[in-house]
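Enquirer: quick one, structure for this:
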Amino acid sequence: MKKTVLALAIPLAAAVGLYLYPSHDQAQATTEQAWHAFSELLHSEYAYQERADLDGLLGQFQPRALAAKDEKALVDVMQQLTRHFQDPHLNVGPYDEQDYSVMPTGSDVWAHQQNGRFLVEDVKSGSAAFLAGIRPGDEILSVDGKTAVEAAAEVFGRRAQEMSQKQLDYGLNVALGGRRNQERTLVLARNGEQQTHQLAASYQAINRFKDGAPLSFKRLGELGYIRFNNSLGRDDTAKLFDKAISELTDTQALILDLRNTPSGGNTGVAEPILGHFITARRPYQAYRVQKPGLPYNQAPLQQAYADPSQPFYGKPVVVLAGRWTGSMGEGMTIGMESLGAEVFGAPMAHLLGGIKAVTLKGTQIRVELGFERMYHLDGRFREDYLPPHLQIPADTDALGADPALAAARAYLTQTAAL
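Expert: Numbering: from 1, shown residues only. Here you go, the predicted structure:
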């Protein structure tokens, strides 16, 4: 039986709903026991421990953890610790409405610091932020009443002066997504003028895709265009892709748009899609599995394969990727490049590895962590991948247009002689 590997940012139903703390009959663990189990789990099964000082962080956060009055307070401490790995795949729940939205599903603005100012770098197409008119180049002054620096530091539970620039950037991007299912207030500046934006919850826009078509497709002159609607975990996606590719076989080139795949998906959906671009069984990415007592870099390097699907499409293909290309979307992007496609766009969401979910014994605490380390076939870590046709921003430019799609069309028009 073919193995299906999960590669989720977070399951969509979990991302858009709320976790509660139900009663449970098993013997409840003490705070100390739960903290010890959490520490052991990260040590034994998390494949990205070197991204932060795990032992140092456990030592720093342990007093807070042991002082927690209930499971919710303990989860809050665990969440602050795990954010130091800057890994959107590393999550601790249950969640409630006071927790931050999970990136990148609960995200629609990407920012970075430049010369001491926090600037919008990209805005997710069709999102609440996009519809409000927020654009790259806008300066972020405050998030929900806190300065950009204060908002970033609160994500980590630290003082801003203790944090690196990279941590401040990451923290601000988490804060920009807001609290779960809560409206957000952003104060921005453009050309010296302040603008206040009251935005809908960041999950609201992505929720609209749950019951809609898993993808859309159309012709752009002689080009075919297929866009995934956060659907790489839906059973009907591969079947509709078969229909789309069948109707576009006579096009001169194809654009696959993976920029709206923040919630990831699984190999059972991705591999049949990749199969339309090969005529024989081919590898498309590599991985190592973290096992207790065996560091990931000592585990055997394995390859993930796709088998041919019909109909075959052998003409030029361009893939679009960006900040909201997550997990399995990232795997498909590097996989398509390995199969010969060109990739346009921005750095992707950097969701680390294939994940598993573990409930700590005697608690309702659920830890999602990457136990498989993912690689491009050329040997690079998947999270280090950059599109060779780098386009920043990728989703939205300062005028509200689509820069990555425009660049891809110009490239194909020239190279495919359309």
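
Enquirer: quick one: residue 108 and residue 125 touch, right?
Expert: No - using C-beta atoms under 8 Å, residue 108 is not in contact with residue 125, being 9.2 Å away. Placement of C-beta: from N, CA and C, glycine included.

Enquirer: these two - which one has more neighbours?
Expert: Taking neighbours as other C-beta atoms under 10 Å, residue 108 and residue 125 compare with residue 108 leading, 33 against 23.

Enquirer: for the more buried one, what are its contacts?
Expert: Applying C-beta atoms under 8 Å, 6 or more residues apart in numbering, we find residue 108 in contact with 123, 124, 127, 128, 129, 130, 176, 177, 199, 202, 205.

Enquirer: how about it, nearest residue that isn't a chain neighbour?
Expert: Nearest non-adjacent residue to residue 108, counting by C-beta to C-beta, 6 or more residues apart in numbering: residue 127, 3.4 Å away.

Enquirer: measure the one you found to residue 96 for me?
Expert: 23 Å (C-beta to C-beta, to the nearest Å).

Enquirer: who's more crowded, those two?
Expert: Taking other C-beta under 10 Å, residue 127 and residue 96 do not tie; residue 127 has more neighbours (23 against 16).

Enquirer: dump the residue contacts of that one.
Expert: Each residue near residue 127 by C-beta under 8 Å, 6+ apart is listed here: 108, 202, 205.

Enquirer: run the last query once more with 10 Å
Expert: Residue 127 sits next to 107-109, 134, 199-200, 202, 204-206, 260, 324, 395-396 when contact means C-beta atoms under 10 Å, 6 or more residues apart in numbering.

Enquirer: again with residue 167
Expert: 52, 83, 84, 86, 152, 153, 155, 156, 158, 160 are the contacts of residue 167 under C-beta under 10 Å, 6+ apart.

Enquirer: need these in TSV with secondary structure, distance to residue 70 and neighbour count, can you?
Expert: As requested, the contacts of residue 167 are exported to TSV (DSSP: H, G, I helix; E, B strand; the rest coil; distance: C-beta to C-beta, whole Å; neighbours: other C-beta atoms under 10 Å):
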residue	secondary structure	distance to residue 70	neighbour count
52	coil	26	17
83	helix	21	24
84	helix	23	23
86	coil	28	22
152	helix	27	28
153	helix	25	22
155	helix	22	20
156	helix	22	21
158	coil	23	17
160	helix	28	17
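
Enquirer: can you put the contacts of residue 108 in CSV and add distance to residue 374 and pLDDT?
Expert: Converted to CSV, the contacts of residue 108 look like this (distance: C-beta to C-beta, whole Å; pLDDT from 0 to 100):
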residue, distance to residue 374, pLDDT
123, 27, 98
124, 23, 98
127, 27, 96
128, 31, 97
129, 29, 98
130, 29, 98
176, 26, 98
177, 24, 97
199, 32, 97
202, 26, 94
205, 27, 90
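
Enquirer: the contacts of residue 167: which two are farthest apart?
Expert: Using C-beta to C-beta, the pair of those lying farthest apart is 52 and 160, separated by 17.7 Å.

Enquirer: the closest residue to residue 304 other than its chain neighbours sits in which helix or strand?
Expert: Leaving aside its sequence neighbours, residue 304 sits nearest to residue 285 (C-beta to C-beta, 6+ apart; 5.1 Å). If you go by DSSP states H and E, residue 285 is part of strand 282-289.

Enquirer: what is residue 255 paired to in the beta sheet?
Expert: Note on residue 255: beta-bridge partners by DSSP bridges are residue 225, residue 318.

Enquirer: you'd agree it is up against residue 402?
Expert: No - using C-beta atoms under 10 Å, residue 255 is not in contact with residue 402, being 11.1 Å away.

Enquirer: so what's in contact with those two at the same time?
Expert: Here residue 255 and residue 402 share the contacting residues 320, 408, 409, scored by C-beta under 10 Å, 6+ apart.

Enquirer: part of a helix, is residue 250?
Expert: No - read with DSSP: H, G, I helix; E, B strand; the rest coil, residue 250 is coil and lies in no helix.

Enquirer: helices of the stretch 101-250 of the chain, residue ranges please.
Expert: Secondary structure of the stretch 101-250 of the chain (DSSP state H, counting those that start in this stretch): helices located at 128-131, 148-156, 165-176, 202-207, 237-247.

Enquirer: mean pLDDT lowest for which of these?
Expert: Lowest mean pLDDT within the helices of the stretch 101-250 of the chain: helix 202-207, a mean of 91.

Enquirer: if we can go back for a sec, just the pLDDT at the residue nearest to residue 304, thanks.
Expert: Per-residue pLDDT puts residue 285 at 97.

Enquirer: what do you get for residue 295?
Expert: 73.

Enquirer: that one against residue 289, yeah?
Expert: No - using C-beta under 10 Å, residue 295 makes no contact with residue 289, being 11.3 Å away.

Enquirer: ok, the two, which is more surrounded?
Expert: More crowded of residue 295 and residue 289, by other C-beta under 10 Å: residue 289, with 16 against 12.

Enquirer: quick one: contacts for the more buried one?
Expert: Residue 289 sits next to 45, 47, 296, 299, 300, 302, 353, 354, 371, 372, 373 when contact means C-beta under 10 Å, 6+ apart.

Enquirer: isn't the first one up against residue 369?
Expert: Yes - checked against C-beta under 10 Å, the pair residue 45 and residue 369 is within contact range at 6.4 Å.

Enquirer: quick one: which of these two has more around it?
Expert: residue 369 (24 against 19).

Enquirer: and residue 126, how many neighbours does it have?
Expert: Number of residues near residue 126 (other C-beta under 10 Å) recorded here: 16.

Enquirer: typo on my end, residue 129
Expert: Residue 129 has 29 neighbouring residues, counting by other C-beta under 10 Å.

Enquirer: how near is it to residue 342?
Expert: Where residue 342 is concerned, residue 129 sits at a distance of 29 Å (C-beta to C-beta).

Enquirer: out of the helices and strands in this structure, which is least certain?
Expert: Least confident helix or strand of the chain, by mean pLDDT, DSSP states H and E, is helix 12-16 with a mean of 33.

Enquirer: how far does stretch 176-186 stretch from start to finish?
Expert: Stretch 176-186 stretches 8 Å from its first residue to its last (C-alpha to C-alpha, to the nearest Å).
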